[in-house]
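Colleague: no sequence on this one, just coordinates:
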């Protein structure tokens with residue numbers, strides 16, 4: 001069983017470990033690469049067994065791994081090497097399950113790519129103290145299609161309120177829960193790393209091929225450039241489907257935040273999204289913005305005014321002060 005992480009204001013609990021004599025035991029273990037591999041593969045296999053029906057194999061393709069900040073900082077350098085091994089094990093499990101059928105089985109993926117998000121996080125405060133995940137403990141959530149905790153938390157992407165997430169606490173069986181989304185998003189993301197791998201219909205376990213299908217090996221969907229202090233340009237590669245252009249008041253440090261060091265740029269000044277299906281870009285503005293000299297209507301709250309963004313030679317003027325040049329990657333769009 002795993003520790004209860006109670007969000008008193010939100011009402012989410014994930015499991016429990018009983019303390020001895022009312023006192024919690026000190027946590028001295030750490031998360032290793034072997035533990036990460038084991039936990040993700042177990043979660044995957046449990047869910048494939050639970051979700052599959054008839055001759056239709058179903059399995060999670062999106063995973064969020066919540067970790068203590070110390071564990072995250074220790075593990076993050078190894079993740080690009082661990083995850084291809086994880087995906088290879090997933091393919092092996094699919095093939096093993098497929099081969100148990102005497103006739104044809106449909107194992108088509110529920111999504112077009114595997115998604116992994118590792119987050120160092122804490123759950124706000126409890127009794128005046130930060131209630132964080134303890135060192136040596138991890139929680140994983142899994143879903144059929146991409147569910148990005150960090151983006152959902154900051155409003156970059158609309159999530160259905162009834163998204164079904166399976167939850168697995170370390171060394172426990174998978175719990176089948178429709179999680180209270182507000183509770184899950186009540187945590188504070190301290191840092192996060194997201195990785196995607198295209199699904200291989202041949203189910204190849206060759207980690208070289210798996211790595212080559214990852215966003216770690218590709219250029220971004222687009223490139224943003226703006227003038228740097230002292231000359232030259234700052235360059236940002238858009239690796240995620242949604243990004244925020246934000247100012248120096250923004251304390252977030254995640255990959256999808258384009259941080260511009262200027263008081264003229266507001267927090268979440270502009271959002272840009274990329275639609276893989278239509279291969280188009282769109283922009284929404286939350287503070288004064290001009291796109292190619294034309295003022296962009298502002299968005300408020302959950303009502304977003306998306307404006308089509310030309311793939312090449314677009315000029316985004318922020319508060320009539322900062323000019324950002326936007327160009328899509330011609331090889332990818």
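Modeller: Done, it's in. Worth saying up front: this structure is predicted, and the values here are computed from it rather than measured.
Colleague: can you give me the separation between residue 72 and residue 239?
Modeller: Counting by CB to CB, to the nearest Å, the gap from residue 72 to residue 239 is 19 Å. C-beta: built from backbone N, CA, C; applies to glycine.
Colleague: between the two, which has more neighbouring residues?
Modeller: residue 72 (23 against 18; other CB atoms under 10 Å).
Colleague: does that one count as helix, strand or coil?
Modeller: helix (DSSP: H, G, I helix; E, B strand; the rest coil).
Colleague: near the closest residue to it other than its chain neighbours, how many other residues are there?
Modeller: Setting aside the residues directly before and after it, residue 72 is nearest to residue 120 in space (CB to CB, 6 or more residues apart in numbering), at 3.6 Å. The tally of other residues near residue 120 (other CB under 10 Å) stands at 22.
Colleague: correct me, but residue 120 touches residue 65?
Modeller: No - using CB atoms under 8 Å, residue 120 is not in contact with residue 65, being 10.1 Å away.
Colleague: got a pLDDT number for residue 107?
Modeller: Looking at residue 107, its pLDDT stands at 93.
Colleague: whoops, residue 126 was the one
Modeller: Confidence score, pLDDT, at residue 126: 50.
Colleague: and if you look at the one 4 residues further on?
Modeller: Taken from the predicted model, the pLDDT recorded for residue 130 is 51.
Colleague: next: the one 4 residues further on.
Modeller: You'll see residue 134 listed with a pLDDT of 76.
Colleague: helix, strand or coil: sort out it for me.
Modeller: Residue 134 - assigned by three-state DSSP - is coil.
Colleague: ditto for residue 86
Modeller: Counting by three-state DSSP, the backbone at residue 86 sits in helix.
Colleague: now it: how far from residue 231?
Modeller: Here the criterion is CB to CB. By it, residue 86 lies 44 Å from residue 231.
Colleague: same question, residue 106
Modeller: Residue 106 is 57 Å from residue 231, by CB to CB.
Colleague: tell me which of those two has more neighbours.
Modeller: When neighbours are counted by other CB under 10 Å, residue 106 and residue 231 differ, and residue 106 comes out ahead with 12 against 6.
Colleague: confirm for me that that one is in contact with residue 57.
Modeller: Yes - at 6.7 Å, residue 106 counts as touching residue 57 under the criterion of CB under 8 Å.
Colleague: what stretches of the stretch 151-300 of the chain score poorly on pLDDT?
Modeller: Applying pLDDT under 70 to the stretch 151-300 of the chain flags the ranges 151-164, 171-192, 215-219.
Colleague: do that again at 80, thanks
Modeller: Applying pLDDT under 80 to the stretch 151-300 of the chain flags the ranges 151-165, 167, 169-194, 215-220, 230, 253-254.
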